[in-house]
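**Q** Sequence first, then the predicted structure:
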Amino acid sequence: MRTPKRVDTAKGVRWVVRYRDAGNRQTSQRFEEQAEASKFCIDLDAYGPARAEQLLYARLMPSASDVPTLDAWIEQYISTRSKASPGTRAKYRTNWARSFGPEIGSLPIDQVTGDDVARVVIKLSEVDELSDKTVANFHGVLAGAMKIAHGRGMIPINPCLEVALPERTSHTETEPRFLTEEEYEELRSVFHPFFLGLLDTTAGTGIRWSEAAALTPRDVNFKTQRLHITKAVKWHPTASQRVVGPPKTKQSRRTITLPDPIVAGLAEQVHGKDKDDLLFTMPQGGPLWHRTFWSRYWVAAFERSSLPTPRPRWHDLRHSHASWLISRNVPLTVIQRRLGHSSIKVTSDLYGHLLPDVQVAEAAAAAQVFLGIRALAAIET
């Protein structure tokens, strides 16, 4: 890989990159910044002289048209996502700065090619810490912005459509860990007594951590034995604090019927609290903090138990709740509404394989295939 050469001049340090142009003539480019010189070297190796020079001039020369740079267009795209929360928009900006921004953000959007996008995707896929899903999320923001640019006639095609995303880690992503009812009872027997109400309510309703952390006594109707999920705790990055806002999706606003044991536990939980107090807190009385709870209480409980590895996540209580309902033949549509999934497809993709009828059908099909293979072998012999 070529590197820029440092040159001391009367005007200060300069960085020179020597190379052969598209006509195979020896030439050079001089830079005031080492980073820009190194970037030009990378482009030379990746694309050859003609494209490297085009990218260089696009970065350094002011545009005579009204075409925005990719950085400017992405910022406009993110800032106008009306359905995204402030936290989501902040996450988009962070992800852009971690991925495509430093590589191609300075280019005018009408000069971004599929090769440019592919080069960054390949570079990201070589980072061990980034999963396929993370790379796809990075790419998704760019693809969404370029789709709008194409729709407005600002670019002839969406260059992201030409790029195949990596498929390296999808098979290693964390699978749901379904606790059996016996395993849950053992977990409960060693859990910190202060948090048994939180544990039982989560396992008995399938609510998310963020929803449990926002619950108040007002959300529990003991007369009808229902729990109303209308809000969730989120992180507000601009204010650097947690805030209570709407739940994850429109479907997450729901009413959940409570079993008798959960009602009894919640009755103890609300004792002495005002209607707008937090239903679940840390032992000192403050709001739930997931990181502290996980390290101090969740991990400690499993260390005291004999439950097999891998250790479940808190979110696996939600998965386990769904699996217990399925084992009792509760329809997926009912489970979808109870969990607040955005669609039945989400529920089916997560839990469809647990359906008893599906398992029986799979076993029957496998038996037919196996018997057919044995019959064929008998004929051949």
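**A** Received it, and whenever you're ready, just let me know what you need. Residues are numbered from 1 along each chain as shown.
**Q** rest of the way, CA atoms for contacts and neighbours
**A** OK.
**Q** Ends of stretch 192-200, what's the gap?
**A** By Cα to Cα, to the nearest Å, the extent of stretch 192-200 from end to end equals 12 Å.
**Q** Report how many residues lie close to residue 245.
**A** Applying other Cα atoms under 10 Å, we find 16 other residues in the vicinity of residue 245.
**Q** Start at 54, not 1
**A** Right, with 54 as the first residue, what we last looked at is residue 298.
**Q** residue contacts, it?
**A** Applying Cα atoms under 8 Å, 6 or more residues apart in numbering, one finds that residue 298 lies in contact with 284, 285, 286, 287.
**Q** how close does the first one get to residue 388?
**A** Summarising the geometry, the distance separating residue 284 from residue 388, computed by Cα to Cα, is 20 Å.
**Q** what's the answer for the last one, then?
**A** With distances defined as Cα to Cα, the gap from residue 287 to residue 388 amounts to 24 Å.
**Q** Kindly report the same for residue 210.
**A** Residue 210 is 42 Å from residue 388, by Cα to Cα.
**Q** cool, and residue 136?
**A** 26 Å.
**Q** do the same with residue 54
**A** Distance of residue 54 to residue 388, computed by Cα to Cα: 56 Å.
**Q** So between these two, which is more surrounded?
**A** Neighbours per residue, other Cα under 10 Å: of residue 54 and residue 388, the larger number sits with residue 388, 21 against 6.
**Q** Wasn't the more buried one part of a helix?
**A** Yes: according to DSSP: H, G, I helix; E, B strand; the rest coil, residue 388 belongs to a helix.
**Q** Closest one to residue 124 out of the contacts of residue 298, please.
**A** The nearest member of the contacts of residue 298 to residue 124, counting by Cα to Cα, is residue 287 at 27.1 Å.
**Q** How many neighbouring residues does that closest one have?
**A** Neighbourhood size, residue 287 [other Cα under 10 Å]: 21.
**Q** Could you do residue 334 as well?
**A** Residue 334: 19 neighbours (other Cα under 10 Å).
**Q** again, but for residue 380
**A** Neighbourhood size, residue 380 [other Cα under 10 Å]: 11.
**Q** Residue 327 and residue 272, how far apart?
**A** Shown here: residue 327 relative to residue 272, a distance of 12 Å by Cα to Cα.
**Q** Residue 371: neighbour count?
**A** For residue 371, the neighbour count with other Cα under 10 Å is 23.
**Q** what about it, helix or strand, and which?
**A** Assessed by DSSP states H and E, residue 371 sits inside helix 369-380.
**Q** Kindly report the same for residue 76.
**A** Using DSSP H and E, residue 76 is not contained in any helix or strand.
**Q** any idea how far residue 101 is from it?
**A** Going from residue 76 to residue 101 by Cα to Cα gives 11 Å.
**Q** Quickly list the domain ranges of the protein.
**A** When the chain is parsed with automatic domain parsing, its domains come out as 54-114, 122-226, 234-382.
**Q** Tell me where the model's unsure across the chain.
**A** 114-118, 221-227, 288-294, 408-434 (pLDDT under 70).
**Q** Note down every partner strand of the lengthiest strand in the chain and its orientation.
**A** Using DSSP state E to define each element, the chain has its longest strand at strand 65-73. Strand pairing for strand 65-73, using DSSP bridges, gives strand 58-62 (antiparallel), strand 79-84 (antiparallel).
**Q** got the phi/psi numbers for the nearest residue to residue 336 once chain neighbours are set aside?
**A** The shortest distance from residue 336 to any non-neighbouring residue, by Cα to Cα, 6 or more residues apart in numbering, is to residue 247 (6.9 Å). The phi and psi values for residue 247, taken as degrees, to the nearest 10, are phi -60, psi -30.
**Q** ok, residue 247 - how many residues close by?
**A** Neighbour count of residue 247, defined by other Cα under 10 Å: 13.
**Q** next one: residue 113
**A** If you count neighbours by other Cα under 10 Å, residue 113 ends up with 11.
**Q** go on, residue 145?
**A** Residues within reach of residue 145, counting by other Cα under 10 Å, total 22.
**Q** With residue 102 instead?
**A** Using other Cα under 10 Å, residue 102 has 20 other residues around it.
**Q** residues contacting it?
**A** 72, 73, 74, 75.
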